Every structure is written in C-alpha cells, then in structure tokens.
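*Asks:* using only what follows, build the 3D model:
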Amino acid sequence: MKDRITLAVLILFLWIFLFIFQKYLPLQSSIFILVGFMVFYALLLHAAQSHQKRNMKKKPPVIDDKYEPFVSILIPAHNEENVIAKTIENII
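*Replies:* Predicted structure coming up:
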C-alpha cells in the first residue's frame with residue numbers, strides 16, 4: 001500500500017511541477033525529468049523489495065503445524081463410469 005501512495009504522490013508532484021514550469025522548460029527537458037523520476041521510483045521499489053527479501057530470509061514466517069490447506073482436484077470424466085472409482089482411489 002505504501003508503494004501506491006508513494007507513486008500517487010510522485011505523479012501528483014510531477015504533474016504540478018510540469019504544469020508550473022511548462023513555459024520555462026523545453027519539451028525535451030521535461031521528458032528527461034519525467035523519465036528521471038520514473039527511474040528513481042523503479043530504484044525505490046527495487047530497494048524495498050530487496051529489503052523485504054532480506055527480512056524474510058532472516059526471520060521466516062512461523063508455520064502453524066495444525067494448518068491443513070484446502071485442496072480442490074478437478075477430474076474431467078465423461079462416460080467414465082467403469083474407471084472413475086479407481087481414479088478417485090488413486091488420487092486419495
């Protein structure tokens with residue numbers, strides 16, 4: 001959620017910046033500034049993801065031993081009356 005808020009703030013800041021300085025900056029400079037901020041945001045996200053991966057390696061999440069995942073198995077069967085019982089036994 002924090003990355004979305006950061007992105008929204010950056011986009012708002014860029015929009016205001018480019019709106020105010022559109023008369024003073026040529027188009028090429030504005031594009032370079034915009035791309036620069038996009039690169040900055042990408043580096044910020046990469047650093048945040050790297051930090052999160054390091055934290056997950058240091059402190060892995062605790063797994064509850066009593067947890068049993070719910071699993072659904074779909075068996076496509078059309079005119080399989082003779083072998084469906086054996087198929088279900090094999091899956092279990």
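*Asks:* so how far is V62 from K53?
*Replies:* 18 Å (Cβ to Cβ, to the nearest Å). Glycine gets a C-beta too; all of them are placed from N, C-alpha and C.
*Asks:* between the two, which has more neighbouring residues?
*Replies:* K53 (10 against 6; other Cβ atoms under 10 Å).
*Asks:* for E68, what are phi and psi?
*Replies:* phi -120, psi 120 (degrees, to the nearest 10).
*Asks:* I misspoke; the intended subject was N82.
*Replies:* The phi/psi pair for N82 (degrees, to the nearest 10) is phi -80, psi -30.
*Asks:* output the below-cut-off pLDDT ranges for this protein.
*Replies:* 1 (pLDDT under 70).
*Asks:* for the helix or strand containing S50, buried residues please.
*Replies:* Per DSSP states H and E: S50 is located in helix 27-58. Buried residues in helix 27-58, counted by 16 or more other Cβ atoms under 10 Å: S30, Y41.
*Asks:* and it, what does it pack against?
*Replies:* Secondary-structure packing of helix 27-58 (3 or more Cβ pairs under 8 Å, 6 or more residues apart in numbering; DSSP states H and E): helix 2-20.
*Asks:* tell me the spacing between S72 and L25.
*Replies:* From S72 to L25 the distance is 57 Å (Cβ to Cβ).
*Asks:* looking at the two, which is more packed in?
*Replies:* Set side by side, S72 and L25 show more neighbours around L25, with 15 against 4, by other Cβ under 10 Å.
*Asks:* who's in contact with the residue of the chain positioned farthest from its centre?
*Replies:* Farthest-out residue of the chain from its mean C-alpha position, per Cα atoms, centre = their mean: N82, at 45.9 Å. Contacts for N82 (Cβ atoms under 8 Å, 6 or more residues apart in numbering) come out as none.
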